[in-house]
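Trainee: Provide a 3D model corresponding to the input given below.
(chains A and B)
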Number of protein chains: 2
Amino acid sequence: MSTKTATINILKTPTQQDWIEQAIGNIETILLDHSQCERKAAGVALNLMFRYPSSALLVRKLTAIAQEELEHFEQVNQWLDKKNIPLTSLSPPPYGKKLNSQIRPQEPDRLLDSLLVSALIEARSHERLGLLGTHCRDQELGKFYRSLMASEARHYGLYWTLADTYFERTLVQQRLEELSQVESDILSTLYPKPRIHS
Amino acid sequence: MSTKTATINILKTPTQQDWIEQAIGNIETILLDHSQCERKAAGVALNLMFRYPSSALLVRKLTAIAQEELEHFEQVNQWLDKKNIPLTSLSPPPYGKKLNSQIRPQEPDRLLDSLLVSALIEARSHERLGLLGTHCRDQELGKFYRSLMASEARHYGLYWTLADTYFERTLVQQRLEELSQVESDILSTLYPKPRIHS
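Mentor: Residues are numbered from 1 along each chain as shown, chains lettered A, B, ... in the order given. This is a model prediction of the structure:
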């Protein structure tokens, strides 16, 4: 595994050079897509809170995640504003839909899979924001991306911890192994439009 | 109109004594329902942001509202924790469903009605949290309720301002008049279970 992903060792395959080139060459579209990712991430946390309203630990942790995602959403939108990029809607890449299709419909599988899919998305976001932080030509923007990395890593950790709280560790590890393979497989072919999860 | 609702003059009818008695006599259930109201309010703001992602002002204002509702959700949950009230799910009163049924499905009516329904719910919440702040037997809890009132009033104002930004004022006022009448009619018969919007 590449040293780039050394801190996010649940990702089976590190992001390849072609994504970096696509993203850096289309940084304004990436910024707009990133805004949508933060809004969606807040929505996912809130939906899980709605689905499991009596799980006190889950509710508390996800409230914190949702708050932080909204804060990042606001910060990314300030960048869009600064760069005069209007808030238009972008079609999402197939990544989220394909990953969500892995969530088994019956409880308690549904909870386990939902938490692990979110963990994987946060881990991949952490990795890719880090790559943007390193390769971005706009130094200020690069600094901003690097400042977000720690949160994404923390969010990954929170989702993993929740899974580990509500399920047996061997079960968590086994399912994470499967989902992590799917996640890398989805990204093995670069999506032709520039997106955070292309 | 009663002096109690002097600052929230869009409410057609002030809350009656029977709600106050029901709420004060069941303050723990009210606290639990209040937690759910804050979570739902955050969800409503987020859903509107998802529905109108390109309306920059709406997105900015609703991000702030969602953040504040999540903060209150957290604060109410801390009170539940302090009072050893577990986070169980309560059946909602018919208030929200009945009010939402007034939202016309076609745009731009849908946006106008959504904003005004939210404005009315915030205005009623402001009024009722104020009543809890005045009548609550637990002085600390009463203080907490009073501390939330200003935000609810601000949220009402924000939803109204958004309506006033995207629509002609005469249209806003006329529709608010209609919806405000419906809102008071829904509450004219006390819902038998203790809820914020019984």
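
Trainee: Indicate whether the helix or strand bottoming out on mean pLDDT in chain A makes contact with chain B.
Mentor: Sorting the helices and strands of chain A by mean pLDDT, DSSP states H and E puts helix A:139-166 at the bottom, at a mean of 91. No. Applying Cβ under 8 Å from any Cβ of the partner chain, one finds helix A:139-166 separated from chain B by no less than 14.9 Å. Using the backbone N, CA and C atoms, a C-beta is placed for each residue, glycine as well.

Trainee: buried sites along that helix?
Mentor: Within helix A:139-166, the residues scored as buried using 16 or more other Cβ atoms under 10 Å in any protein chain shown are A:141-142, A:144-145, A:148-149, A:151-153, A:155-156, A:158-160, A:162-163, A:166.

Trainee: Same question for stretch A:59-73.
Mentor: A:59, A:61-73.

Trainee: Specify the angle between the helix or strand that comes right after the least confident helix or strand of chain A and helix A:139-166 in degrees.
Mentor: Once the chain leaves helix A:139-166, the next helix or strand it forms, by DSSP states H and E, is helix A:169-187. Using axes from the mean of the first three to the mean of the last three Cα atoms, to 10 degrees, one finds that helix A:169-187 and helix A:139-166 are set 140 degrees apart in direction.

Trainee: Next to chain B, which bits of chain A? Give me the list.
Mentor: Residues of chain A found near chain B (Cβ under 8 Å from any Cβ) are A:36, A:39, A:42-43, A:46, A:49-50, A:53-56, A:59-60, A:63, A:66-67, A:70-71, A:73-74, A:77, A:81, A:86-89.

Trainee: and the buried residues of stretch A:59-73 as TSV, adding secondary structure?
Mentor: Output for these, formatted as TSV (DSSP: H, G, I helix; E, B strand; the rest coil):
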residue	secondary structure
A:59	helix
A:61	helix
A:62	helix
A:63	helix
A:64	helix
A:65	helix
A:66	helix
A:67	helix
A:68	helix
A:69	helix
A:70	helix
A:71	helix
A:72	helix
A:73	helix
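
Trainee: between these, which is nearest residue A:114?
Mentor: Nearest to residue A:114, judged by Cβ to Cβ, of the buried residues of stretch A:59-73 is residue A:62 at 10.8 Å.

Trainee: Grab the nearest non-local neighbour of that closest one.
Mentor: Nearest non-adjacent residue to residue A:62, counting by Cβ to Cβ, 6 or more residues apart in numbering or on different chains: residue A:45, 4.4 Å away.

Trainee: Counting neighbours, what do you get for the one you found?
Mentor: 27 (other Cβ atoms under 10 Å in any protein chain shown).

Trainee: Likewise for residue A:111?
Mentor: As a burial measure, residue A:111 scores 20 neighbours (other Cβ under 10 Å).

Trainee: OK, contacts around it?
Mentor: A:52, A:166 (Cβ atoms under 8 Å, 6 or more residues apart in numbering or on different chains).

Trainee: if you skip the residues just before and after it, what's nearest to residue A:36?
Mentor: residue A:90 (6.2 Å).

Trainee: Surely that neighbour is in contact with residue A:194?
Mentor: No. Judged on Cβ atoms under 8 Å, residue A:90 makes no contact with residue A:194 at a distance of 9.3 Å.

Trainee: joint contacts of these two?
Mentor: A:29, A:33.

Trainee: of these two, who's got more company?
Mentor: residue A:194 (22 against 15).

Trainee: Contact partners for the more buried one?
Mentor: A:22-23, A:25-26, A:29-30, A:33.

Trainee: how near is it to chain B?
Mentor: Separation of residue A:194 from chain B (Cβ to the nearest Cβ, to the nearest Å): 18 Å.

Trainee: Quick check: the gap between the closest residue to that residue other than its chain neighbours and residue A:193.
Mentor: Closest residue to residue A:194 apart from its sequence neighbours, by Cβ to Cβ, 6+ apart: residue A:26 at 3.7 Å. To residue A:193, residue A:26 is 9 Å away according to Cβ to Cβ, to the nearest Å.

Trainee: now do residue A:24
Mentor: Plainly put, residue A:24 is 15 Å away from residue A:193 if you go by Cβ to Cβ.

Trainee: where does chain A have low pLDDT?
Mentor: Applying pLDDT under 70 to chain A flags residues A:1-8.

Trainee: Pretty sure residue A:148 sits against residue A:129.
Mentor: Yes. Using Cβ under 8 Å, residue A:148 makes contact with residue A:129 at a distance of 5.3 Å.

Trainee: surely residue A:69 meets residue A:38?
Mentor: Yes. Judged on Cβ under 8 Å, residue A:69 makes contact with residue A:38 at a distance of 5.2 Å.

Trainee: and the nearest residue to residue A:64 once chain neighbours are set aside, how far is that from residue A:104?
Mentor: Leaving aside its sequence neighbours, residue A:64 sits nearest to residue A:158 (Cβ to Cβ, 6+ apart; 7.6 Å). According to Cβ to Cβ, residue A:158 and residue A:104 sit 22 Å apart.

Trainee: Now do stretch A:59-76: distance to the chain's middle.
Mentor: On the basis of Cα atoms, centre = their mean, to the nearest Å, stretch A:59-76 sits 13 Å off its chain's mean C-alpha point.

Trainee: right, I mislabeled it, should have said stretch A:21-29
Mentor: In this view, stretch A:21-29 has its centroid 18 Å away from the chain centroid, taken as Cα atoms, centre = their mean.

Trainee: what's next to it, contact-wise?
Mentor: Contact partners of stretch A:21-29, identified using Cβ under 8 Å, 6+ apart, comprise A:30, A:83, A:85, A:90, A:128, A:131-132, A:135-138, A:141, A:190, A:193-196, A:198.
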